[in-house]
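*Asks:* Structure for the following, please:
(one chain, ligands or ions: 2)
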Amino acid sequence: MRALVIGSGGREHAIVRALLRSVHAPEVLCAPGNAGIAADAECLPEIAADDVEAIVGLAGGRRVDLVVVGPEIALVAGVVDALEEAGIPAFGPSAAAAELEGSKAFAKELMRDAGVPTAGYVLLHSREEAVAEIARASYPAVLKADGLAGGKGVILCAGEAEALAAVDVFFTERRFGATTVVLEEFLEGEELSLLAICDGDNVVALAPAQDYKRIFDGDEGPNTGGMGSYSPVPGFGPAEVEEIVESVHRPIVAAMARRGIPFHGVLYAGLMIGADGAKVLEFNARFGDPETQAVLPRLRSDLIDIFLAARETGGLAGTSAEFDPDWAVTLVLASAGYPESSSSGDPIRGLEAAAELAEVTHAGTAKRDGEIVTAGGRVLNVTALGASPAEARDRAYDAAGRISFEGMQIRTDIAARAVERVPS
Ligand code: AMP
Ligand code: GLY
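*Replies:* Numbers count the residues shown, from 1 in each chain. Ligands and ions are numbered 1, 2, ... in the order given. Purely as a prediction, here's the structure:
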């Protein structure tokens with residue numbers, strides 16, 4: 001068995017490691033990969049994640065049995081469609097199905113059709129329309145660019161003045177290249193990420209996770225790709241997870257199938273849990289980063305069996321994903337300047353010492369003269385397991401404390417909420 005993982009982040013490193021634990025004992029390739037993944041898999045740094053032709057050529061040439069696509073740009077570029085057309089098994093949604101993530105307007109319309117709870121909204125297509133709707137809206141409100149914006153095209157507006165400023169960002173500066181903007185109701189509550197593997201019909205929930213989007217402690221500062229995560233989440237046992245899957249994931253998968261766009265792959269629901277239940281903030285059509293780094297180390301089921309089954313409609317019937325009862329806490333170590341910028345080329349120390357305590361996965365790293373150096377905003381992830389949230393959290397921070405590089409940023413409050421709620 002030979003598997004190929006597309007992508008180069010901490011998420012892909014966690015996927016590579018989970019594949020290596022499979023009973024199928026695969027040889028694993030990764031394109032493009034990174035300096036840490038290279039220790040576990042053969043990396044092809046010259047192949048970009050959205051270079052469809054090169055990926056199909058590689059997978060065909062190396063007789064790959066399964067391709068797993070990590071990042072959304074690859075999905076939206078149609079990597080899965082092209083691979084399957086070439087007769088190469090690929091896990092992930094088609095480009096058409098990935099619109100669930102690629103277009104917020106599409107996702108909102110689908111949720112309305114499927115009766116899935118989400119924030120009330122209007123679509124804005126021009127500056128004039130936006131100004132008129134902003135005068136009518138109630139605040140706080142949220143403005144979102146329609147299209148992929150790496151988690152950054154969302155502006156929370158306390159009042160009308162901020163909303164008007166946001167309209168300039170979207171329609172005058174065209175900062176996120178969107179022609180449509182979503183104006184939606186501000187939801188209060190606590191965020192939850194519930195990822196599920198779908199086969200076009202059936203939905204297999206993964207363990208719930210919580211991620212930390214802001215750069216600073218106490219959820220202050222700008223949004224990032226994610227600064228830490230933990231799994232499971234207190235208060236979200238099997239019954240609560242099933243309730244969410246029944247009200248969110250299954251109706252969406254059914255609505256996609258009715259439209260002739262069956263969803264195969266990871267359906268990631270970003271949820272706000274408020275006083276009146278779970279409402280969808282967004283859908284992603286892929287594994288979350290850094291949720292995956294906390295979820296997959298707990299997975300007991302065979303990931304390759306699940307991925308292969310998800311390609312066939314009905315393939316996951318009667319399947320569930322089993323998880324260790326242990327808690328997992330993932331910390332993100334980011335470079336100076338992140339998220340506005342990032343620094344690179346700084347030597348990283350203490351990786352081996354950290355790996356004695358926890359699992360270290362790489363995101364933005366590179367090898368220079370035999371030394372691992374920083375090469376991006378989010379540099380490393382440290383994931384520790386423990387019998388309680390406190391044990392996992394302490395171990396993760398002990399391990400991260402052994403790592404150092406110039407300007408390293410780390411939040412100190414990851415999973416603190418879980419520790420408060422679950423006495424050890
Ligand atoms: P999104 O990319 O749509 O998930 O938005 C990024 C982040 O912005 C979310 O994780 C939330 O923290 C916040 N956010 C988005 N939409 C809303 C909303 N309607 N109400 C409150 N916060 C929101
Ligand atoms: N953790 C957020 C994301 O993967 O989009």
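*Asks:* from here on, contacts and neighbour counts on C-alpha atoms
*Replies:* Noted.
*Asks:* Output the set of residues of the protein in proximity to ligand 2.
*Replies:* Residues of the chain lying near ligand 2 by CA under 6 Å from any ligand atom: 211, 225-226, 288-291.
*Asks:* Just give me the least confident of those residues.
*Replies:* When the residues of the chain next to ligand 2 are compared by pLDDT, residue 225 scores lowest at 91.
*Asks:* distance of that one from residue 88?
*Replies:* Separation of residue 225 from residue 88 (CA to CA, to the nearest Å): 31 Å.
*Asks:* Show me where the stretch 201-350 of the chain has its strands.
*Replies:* For the stretch 201-350 of the chain, the strands defined by DSSP state E, counting those that start in this stretch occupy 203-205, 210-211, 214-216, 220-223, 228-231, 264-274, 277-284, 327-334, 344-347.
*Asks:* Please name whichever of these is nearest to residue 357.
*Replies:* strand 327-334 (12.5 Å; CA to CA).
*Asks:* CA atoms only for that closest one, dumped as CSV, please.
*Replies:* Below are the C-alpha coordinates for strand 327-334, written out as CSV (Å, rounded to 0.1, in the frame of the first residue of the first chain):
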residue,chain,number,x,y,z
TRP,A,327,-7.4,13.8,26.4
ALA,A,328,-5.2,15.5,23.8
VAL,A,329,-4.0,19.1,24.0
THR,A,330,-2.2,20.7,21.0
LEU,A,331,-0.2,23.9,21.3
VAL,A,332,0.9,26.0,18.3
LEU,A,333,4.3,27.6,18.3
ALA,A,334,4.3,30.5,16.0
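*Asks:* In terms of secondary structure, what does it contact?
*Replies:* strand 228-231, helix 291-295, strand 378-386, helix 389-401 (3 or more CA pairs under 8 Å, 6 or more residues apart in numbering; DSSP states H and E).
*Asks:* Would you format the ones you listed as JSON lines with mean neighbour count included?
*Replies:* Formatted as JSON lines, the helices and strands packed on strand 327-334 follow (neighbours: other CA atoms under 10 Å):
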{"stretch": "strand 228-231", "mean neighbour count": "30"}
{"stretch": "helix 291-295", "mean neighbour count": "30"}
{"stretch": "strand 378-386", "mean neighbour count": "28"}
{"stretch": "helix 389-401", "mean neighbour count": "22"}
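*Asks:* could you redo the ones you listed as CSV and give each row distance to ligand 1?
*Replies:* Listed next are the helices and strands packed on strand 327-334 as CSV, based on distance: least, CA to the nearest ligand atom, whole Å:
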stretch, distance to ligand 1
strand 228-231, 13
helix 291-295, 13
strand 378-386, 17
helix 389-401, 22
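*Asks:* Figure out which of the ones you listed is closest to residue 174.
*Replies:* Nearest of the helices and strands packed on strand 327-334 to residue 174, taken as CA to CA: strand 378-386 at 26.1 Å.
*Asks:* Okay, now the sheet partners of the closest one, with direction.
*Replies:* Strand 378-386 sits in its sheet next to strand 327-334 (antiparallel), strand 359-362 (antiparallel), going by DSSP bridges.
*Asks:* What average pLDDT does the last one get?
*Replies:* Spelled out, it's strand 359-362. For strand 359-362, mean pLDDT is 98.
*Asks:* Then stretch 232-246?
*Replies:* Rounded mean pLDDT across stretch 232-246 is 97.
*Asks:* how far does that stretch stretch from start to finish?
*Replies:* End-to-end distance of stretch 232-246 (CA to CA): 19 Å.
*Asks:* same question, stretch 339-356
*Replies:* This stretch, stretch 339-356, spans 29 Å end to end (CA to CA).
*Asks:* and the residue nearest the centre of the chain, backbone torsions?
*Replies:* Against the mean C-alpha coordinate of the chain, by CA atoms, centre = their mean, the closest residue is residue 288 at 1.5 Å. When quoted as degrees, to the nearest 10, the phi and psi of residue 288 stand at phi -80, psi 150.
*Asks:* out of the strands paired with strand 378-386, which comes closest to residue 67?
*Replies:* Minimum separation from residue 67 across these (CA to CA) falls at strand 359-362, 20.2 Å.
*Asks:* Within its sheet, name the partner strands of the following helix or strand past that closest one and how each one runs.
*Replies:* Counting by DSSP states H and E, the next helix or strand C-terminal to strand 359-362 is strand 365-368. Using DSSP bridges, the strands paired with strand 365-368 in its sheet are strand 371-375 (antiparallel).
*Asks:* Any stretches of the stretch 101-250 of the chain with poor pLDDT?
*Replies:* For the stretch 101-250 of the chain, the stretches with pLDDT under 70 are 150-151.
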